[in-house]
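Participant: coordinates only, sequence not included:
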């Protein structure tokens, strides 16, 4: 039975990756069509696209995952907290490795600094609110609802500020260019806006179906192995559903497109550090238990480390290796 559950996970992963590829590819063409900056496309559009699997998984897990509400909520919280940890630790390290192997380990990495700092500062503020939510009483219409509303407002302001900065960045040479054909165009369809939107919808449908299958597989493997569903979700779901899409960042960093590479990661951090905790705080398992505290604490520390590197203009591949050690430490702690 364990073999079949692994097959379900692999099938779900393939469906999710296919949907995410269609979605991201269409977004790049839309960004080029409307003269959007790399910062806007990387930190908002591409980031949301690559974060969609992680966004859909907790929602589907909680409302449609299985018979046990506690299991569904543990999968949901694991997906919500595991992804930011993976992004700011493992994904940052892999970008550093890709850059270091090509440019040298002490070469300066140069994402557009105003957007990069905006992403990191917004994430740290949002994640702090989510952390405080662990200690808030849970009552219908209570303080957790207010905190969730504040997170949604914070993300809305972040998007507005990013959009406002887009035109200036485009004029400064940071405009988005789609380097690959639209996937549906390769099937012989005429390339127009309607085809790009159709591909977006098709990609989203694939992500939703794949997420549903993935939740089912995680539940079954947790039951057979005895591994905590929360721990399994913290470690497995983010790497399986989002890490492959972060290969985009690796490709971009090797092409010297630092703004797109880092924006794809930090924009997803903001999205998942604001909107998903707003949802997570409404769940009964959003409590200060040990594994949750470790996940949030190490995530915050890693983001703060990258922020300090950027402020001191010391963002180099060598120093980003530290972020990978954080993910290893978390694996050892909760394993």
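Facilitator: Yep, it's here. Only a predicted model underlies this, so the values are computations on that prediction, with no experimental measurement involved. Numbering: from 1, shown residues only.

Participant: contacting residues around stretch 306-323?
Facilitator: Residues from elsewhere that reach stretch 306-323 (CB atoms under 8 Å, 6 or more residues apart in numbering): 88-90, 92-93, 95-97, 99-100, 103-111, 113, 116-117, 120-121, 124, 302, 305. The C-beta positions use only the backbone N, C-alpha and C, and glycine is treated the same way.

Participant: among those, name the ones in helices.
Facilitator: Mapping these onto helices (DSSP state H) picks out 92-93, 95-97, 99-100, 103, 113, 116-117, 120-121, 124, 302, 305.

Participant: okay, among these, which ones form the most distant pair?
Facilitator: 103 and 124 (27.7 Å; CB to CB).

Participant: quick one, which of the ones in helices among the contacts of stretch 306-323 are buried?
Facilitator: Buried by 16 or more other CB atoms under 10 Å: 92-93, 95-97, 99-100, 103, 116, 120, 124, 302, 305, out of these.

Participant: go through those and name the one nearest residue 283.
Facilitator: Checking these against residue 283 by CB to CB gives residue 124 as the nearest, at 22.6 Å.

Participant: neighbours of the residue nearest to that closest one when sequence neighbours are not counted, how many?
Facilitator: Spatial nearest neighbour of residue 124, excluding adjacent residues (CB to CB, 6 or more residues apart in numbering): residue 303 at 5.7 Å. Neighbour count of residue 303, defined by other CB atoms under 10 Å: 26.

Participant: now do the same contact list for residue 303.
Facilitator: Residue 303 touches 88, 120, 123-124, 127, 269, counting by CB under 8 Å, 6+ apart.

Participant: dump those to JSON lines, plus distance to residue 333 and pLDDT.
Facilitator: Output for the contacts of residue 303, formatted as JSON lines (distance: CB to CB, whole Å; pLDDT from 0 to 100):
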{"residue": "88", "distance to residue 333": "16", "pLDDT": "93"}
{"residue": "120", "distance to residue 333": "24", "pLDDT": "96"}
{"residue": "123", "distance to residue 333": "22", "pLDDT": "96"}
{"residue": "124", "distance to residue 333": "22", "pLDDT": "97"}
{"residue": "127", "distance to residue 333": "19", "pLDDT": "95"}
{"residue": "269", "distance to residue 333": "21", "pLDDT": "90"}
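
Participant: show me where the stretch 1-150 of the chain has helices.
Facilitator: Using DSSP state H, counting those that start in this stretch, the helices found in the stretch 1-150 of the chain span residues 2-33, 38-40, 47-64, 69-86, 92-103, 113-133, 143-171.

Participant: go through the ones you listed and name the closest to residue 255.
Facilitator: Of the helices of the stretch 1-150 of the chain, nearest to residue 255 by CB to CB is helix 92-103, at 9.7 Å.

Participant: with that, I have no additional questions.
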